[in-house]
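Novice: Show me the folded form of this:
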Amino acid sequence: MILSDKDIKEYLKSGKIKIEPEPNLKEQLGPCSLDLHLGNIFKTFKPSQYPYLDLKRKIDFEKFMEEVEIEDDAPFILQPKAFILATTKEDFTLPSDLMARLDGRSSLGRLGIVVHSTASRFDPGWQGNAVMELGNLGIMPVVLYSGMRICALTFETLSSPCETPYSKKEGQKYANQKSPRASRINQDFKK
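Specialist: Predicted coordinates for the structure are as follows:
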């Protein structure tokens, strides 16, 4: 079941959902979602000597990316066909009986901005800043600003608490992240 605005307020008040900094509910709360703001740390791909990314290679994909940090309220220009990783300003923690989904804002989608390509689910037990896979499908550069509302979280209850929350799962790759991390998919091939 998806939480309503009333339920989201109750979960926040009781501490079942934890969000830092504390959200401005008047600005961020929708009928069944909570808007989050764009952070100020981005990861962009940099030129590489490799002609392709081989997922089985024992290469740290962090080496293919460059971290860019901008001031609060500063602009970041997302060029056409560009792909970047970015975080939300908010850090959030989910209990073992609740998951969240991240969706882009329709107003940005109408400009060609994709806020997440695939990774929209946050498992029960998640803690950290959400990392978004931002892309510009449009033909014009779009200026994004640190601190702008960028996405919305919806919260869904599980039928029962999970046995192993994400933060306690062996082999989890992205818990407690404060800045974007490059793909760690090549860890899947170590088995």
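
Novice: from here on, contacts and neighbour counts on C-alpha atoms
Specialist: Noted.

Novice: in the lengthiest helix in the chain, what counts as buried?
Specialist: Using DSSP state H to define each element, the chain has its longest helix at helix 5-14. With burial defined by 16 or more other Cα atoms under 10 Å, the residues of helix 5-14 counted as buried are 5, 8, 9.

Novice: Equivalent analysis for stretch 62-73, please.
Specialist: 64, 65, 67.

Novice: Convert the C-alpha atoms of that stretch to PDB, please.
Specialist: Extracted C-alpha coordinates of stretch 62-73, given in PDB (Å, rounded to 0.1, in the frame of the first residue of the first chain):
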ATOM      1  CA  GLU A  62      35.300   5.400 -10.400                       C
ATOM      2  CA  LYS A  63      38.400   6.100 -12.600                       C
ATOM      3  CA  PHE A  64      36.100   6.700 -15.500                       C
ATOM      4  CA  MET A  65      34.300   9.500 -13.700                       C
ATOM      5  CA  GLU A  66      35.100  12.900 -12.300                       C
ATOM      6  CA  GLU A  67      33.400  14.400  -9.200                       C
ATOM      7  CA  VAL A  68      32.100  18.000  -9.500                       C
ATOM      8  CA  GLU A  69      31.000  19.900  -6.500                       C
ATOM      9  CA  ILE A  70      29.100  23.200  -6.900                       C
ATOM     10  CA  GLU A  71      28.000  25.800  -4.300                       C
ATOM     11  CA  ASP A  72      24.500  25.800  -2.900                       C
ATOM     12  CA  ASP A  73      22.000  27.400  -5.300                       C
END
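
Novice: Strands of this protein, start to end?
Specialist: Taking DSSP state E as the test, the strands found in the chain are 18-20, 34-45, 65-69, 75-78, 83-93, 98-104, 113-114, 121-122, 127-136, 142-145, 149-157.

Novice: Against residue 65, how distant is residue 160?
Specialist: For residue 160, the distance to residue 65 (Cα to Cα, to the nearest Å) stands at 39 Å.

Novice: hmm, back to that, of all the strands of the chain, which one comes closest to residue 59?
Specialist: Smallest distance to residue 59 across the strands of the chain (Cα to Cα): 12.2 Å, for strand 65-69.
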